[in-house]
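J.: Here is a sequence together with a model predicted from it:
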Amino acid sequence: MQSALLDQVRGIVGSEYVLTGVALSPYVLEGRTPGAAVFPGSVEEVGALLALASEEGIAVTPWGGGTKIAVGAPPKRLELVLGLRRLNRLLEHEPGDLTATAQGGITLDALESQLASRGQWLSLDPPFGEQATLGGILATNASGPRRHLYGTARDLLIGVMVVAADGSLVKGGGKVVKNVAGYDLPKLYIGSFGTLGVIVEATLKLRPLPDDDRLVVTSFERLKDCGQAVRLVLGSDLIPSAVDLLDGEALRGLGLADGGSAGGALLLGFDGMREQVEWQCEEAKRLLAGAVAQRVLEGGQRDSAWRLVREVGRRAFPDPAAQLRLAVLPTQVTEVIEQAGAVAQRSGLRAAFAAHAAVGIVTAVLAGGRDSAQPVIAALREWRELVRAAGGHAVLERAPLAVKEQVAVWDPPGPALRIMERIKTQLDPKGILNPGRFVGGI
Amino acid sequence: MATLTESRKQSLRRALEAIVGKSAVLSDREELMVYESDGLTLFRALADFVAFPTSTEQVSALVKLASQEGLPFVARGAGTGLSGGCLPSEGGLVIALSRMTRILEVDYDNHLAVVEPGLVNLHLSWAVGPRGFYYAPDPSSQQACTIGGNIANNSGGPHTLKYGVTTNHVLGLEVVLPDGEVVWLGAKTREPQGYDLTGIFVGSEGTFGIATKIVVRLLRKPQAVKTVLAVFDEINRASEAVSAIIARGLVPAALEMIDQVTIQAVEDAFGCGYPRDAAAALLIELDGLAAGMEAQAAGVVAACMEAGAREVRTAKDEAERQLLWKGRKSAFGSYGRVSPAYMVMDGVIPRTKLPYVLRRVNEIVAAHGLRVGNVFHAGDGNLHPNILYDPRRPGEEARVVQAGAEILKVCAEVGGSISGEHGIGLEKMDYMPFIFSPADLATMHRVKEAFNPRGLCNPGKIFPTKKSCVEVGPGYRPHPIEEKGLAQRF
């Protein structure tokens, strides 16, 4: 980056908040080093930076906690990393309204601990909450096990403040829980991976903290039995907040196995009033009587088990080679896992699977193939093919550059891409926001 | 928009008939008049044609024709909307979806259904009810309104407090874009890749295209339901009870408020057993697990009593529950007993601002020499002040519109919104700047450009425009089913 430009950037935020040279090593992406990383301290500074970038045609990569920065195609251009971590305040929390407004750079854990002090929580539980920022969670549509009952960002975000590509401040939605005035812009920014604007503020719906919260882990001999158990649970009166499924490899990799031989386990989260949680745990025991083992976890044990499950991509194997997130119909989950497992085995690789079973979202982790990328590439291609055959879709969430060059990160987007491209052109006409990383090369 | 010449009208009619058949095109003035308004009869606009397609292919062909001919077009469901959103405000073609009413697929194992846009909302719940399922969004017009119309308006209903609005229950859409191309947005599976086009399409008030297939989530019916009526001598105490319930960590499925004007109208009309002398009543419904239900109900009762309720009743059986709900659901039909006409507002406020805003609503309406009845979704702060008036009195309708604007201004000032579930349509275009800056509106406009660059798809809505040839006034005529108390407008 030209030094005159860098001086302008320093002039906006102050030189102590601009990193260059060797200090940029944490911001190397797909082997590329940006020209600078800048950490604005206010929404106005974000606006001034984007106005400058827009004028000069500099590519801007928004960066929250970096927990999902690996998701995406290699960038077309990596010039200015825009770190949001200084915009880290909870701005408003009115418990009576069950809403809160916070800045985009606040970490999830920091937000939750402030909300919890007044008896409420934001019902999103993606991995790495100590590092993941609110803006990043929204921009990547990150979620966790409790999405089963409480939904994802699109169900909770009611208002958003974004700095647009030209530096102007744009608001979508509002601060009330029900609102149909104008287009639902917050939906557009969720999962847009920073390609339409930089999320600087968000207003979200909250829930009261539950009195009680337990995790029922039920292990089965075969993965198929887990699938059957999911069907039983969904056909019952139970209202679990989470319905996750682990295959045998994931179960052992995470150290959650009860015995050596389990083919898989069903993890049910129950939260609410004590009376409700107790009844549900009993009912789950009755319903899943054919299991190999069942444990009810509370407190710290519960929290650490959930943490392992959420972080399965990094914890199932000491040295994972790639991670695919796939979406299929809930009834297809166990079959797809079995087929994908067989593919890995044939390629001489190991695979572990964790699913939000009742919504059909599976994280598939691949390990092995240290000597050559070829088996990993071949297995990923086959996985993608079998997901497509099942009518689903897949994102290559993590893989070395050598693999990404051979296996597409996103699926071919289909005819709706035309509309997506037009939205991108309308909102970022110069193409400066995170160029090239998103679906269809957006 | 210029009137079509007779010869052009003839040739367009033939072209439309070639697509949908002779019996599925209207072009006589008398027949077109049926489609000149929606549930907000303040506005009227006459189409040149109404066509009734029966398939995606026909919708696509109609849209392609309109696009080639430069003819504005707008989709219409049951016409129960309350903001003039489906009016042909620049003439042209109304694409009426009332013959596309099929349930194409129900997948009980995956808790989803695929339906056509003209399907009546309640008919879906009826169809899946025997298997223990239902479709959660329940606008009060659900006996008549269509799921396609719900998509356009992102409709809510009493039970959205716990279960969310339409957008939270739609997974994917087959859409005919404004140039006639058919595309899928979203899918049966979660997390479709790319921008959430389903999310932005829902609530776009028919300006992004026409949904021809809709994938919705189905929910299992709750194990237990408990319905409570709390009666108050002061409306402020009822408002405080709303906050007190939330403060106890309870999230009811529904939390509705009904004021004295409305209670009296309802009792005159239907006799649902609400006390006539009460200043306000709260109708509170809890649902979910049977375990803990008694304790939750006790929490609701205690919160109401502490806030100063005069009386709290719990429905003993389903019949009593239905009777309590009848009072709420027939409120709008019953205004006919006390006023020749009314206009309903749809502002939203943070629920903690209820006492202040309700007081301001009454002051504003009184200052204009009018009366108001309030019946609304208190739990989500979605107000429905119904301004009562007589359209035959000169100038009264103009005062109603003025009072309405002032009420929405107050909602905006306390951090709220000008519409919670009825949409902007024609009615509230000019009020958008109450809550959105020029940059906000410009961004929305750019998104519209992406979907609808030529502006032929439902023109003249949401954003202010000068091109409209809409007639305004005189007042509201209730639908026959409203008069009978069978359904209401929101």
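T.: All right, it came through fine.

J.: Let me know whether residue A:222 touches residue A:264 as I believe.
T.: Yes: Residue A:222 is within contact range of residue A:264, at 7.2 Å (criterion: CB atoms under 8 Å). In short, each C-beta sits where N, CA and C put it, glycine included.

J.: out of these two, which sits in the busier spot?
T.: residue A:264 (29 against 15; other CB atoms under 10 Å in any protein chain shown).

J.: What pLDDT is listed against residue 300?
T.: Since you didn't name a chain, this refers to chain A. Looking at residue A:300, its pLDDT reads 97.

J.: nope, chain B
T.: Looking at residue B:300, the pLDDT reads 98.

J.: For it, pull up the helix or strand it's in.
T.: helix B:293-306 (DSSP states H and E).

J.: residue contacts, residue B:19?
T.: Counting by CB atoms under 8 Å, 6 or more residues apart in numbering or on different chains, residue B:19 makes contact with B:51, B:53, B:58, B:61, B:62, B:65.

J.: ok but it is inside a strand, no?
T.: No: looking at residue B:19 with DSSP: H, G, I helix; E, B strand; the rest coil, it is helix, so not inside a strand.

J.: What residue, apart from its backbone neighbours, is nearest it spatially?
T.: Distances taken as CB to CB, 6 or more residues apart in numbering or on different chains place residue B:61 nearest to residue B:19, at 4.5 Å, with adjacent residues excluded.

J.: Taking the stretch 101-250 of chain A, what residue is nearest to chain B?
T.: Going by CB to the nearest CB, chain B is nearest to residue A:187 of the stretch 101-250 of chain A, at 2.9 Å.

J.: Count the neighbours of that residue for me.
T.: That count, for residue A:187 with other CB under 10 Å as the rule, works out to 25.

J.: Equivalent analysis for residue A:346, please.
T.: 12.

J.: tell me the pLDDT at it?
T.: 95.

J.: now it: how far from residue A:384?
T.: For residue A:346, the distance to residue A:384 (CB to CB, to the nearest Å) stands at 16 Å.

J.: again with residue A:287
T.: Separation of residue A:287 from residue A:384 (CB to CB) stands at 35 Å.

J.: which residue is nearest the centroid of chain A?
T.: In chain A, the residue lying closest to the centroid (CA atoms, centre = their mean) is residue A:142, at 2.4 Å.

J.: Surely that one is in contact with residue A:126?
T.: Yes: Residue A:142 is within contact range of residue A:126, at 3.6 Å (criterion: CB under 8 Å).

J.: picking that back up, who's more crowded, residue A:287 and residue A:384?
T.: For the pair residue A:287 and residue A:384, the greater number of neighbours falls to residue A:384 (21 against 18), based on other CB under 10 Å.

J.: element containing the more buried one?
T.: Under the criterion of DSSP H and E, residue A:384 resides in helix A:374-389.

J.: Residues contacting that helix, please?
T.: With CB under 8 Å, 6+ apart, helix A:374-389 has contacts from A:321-322, A:324, A:326-328, A:336, A:339-340, A:343-344, A:347-349, A:351, A:364, A:366, A:368-369, A:393-394, A:396, A:399, A:403, A:406-408, A:411.

J.: Now intersect those residues with the strands, please.
T.: Cross-referencing the contacts of helix A:374-389 against strands under DSSP state E gives A:321, A:322, A:324, A:326, A:327, A:351, A:364, A:366, A:393, A:394, A:396.

J.: Identify the residue nearest the fifth one in space, chain neighbours excluded?
T.: With sequence-adjacent residues excluded and distances taken as CB to CB, 6+ apart, residue A:327 is closest to residue B:189, at 4.3 Å.

J.: beta partners of residue B:182?
T.: Counting by DSSP bridges, residue B:182 is bridged to residue B:176.

J.: neighbours around it, how many?
T.: Residue B:182: 18 neighbours (other CB under 10 Å).

J.: got it, and residue A:190?
T.: 23.

J.: quick one: residue B:423 from chain A, how far?
T.: When distance is defined by CB to the nearest CB, to the nearest Å, residue B:423 is 6 Å away from chain A.

J.: Thought residue A:179 was touching that residue, still the case?
T.: No: contact criterion CB under 8 Å: residue B:423 and residue A:179 do not qualify, at 11.0 Å.
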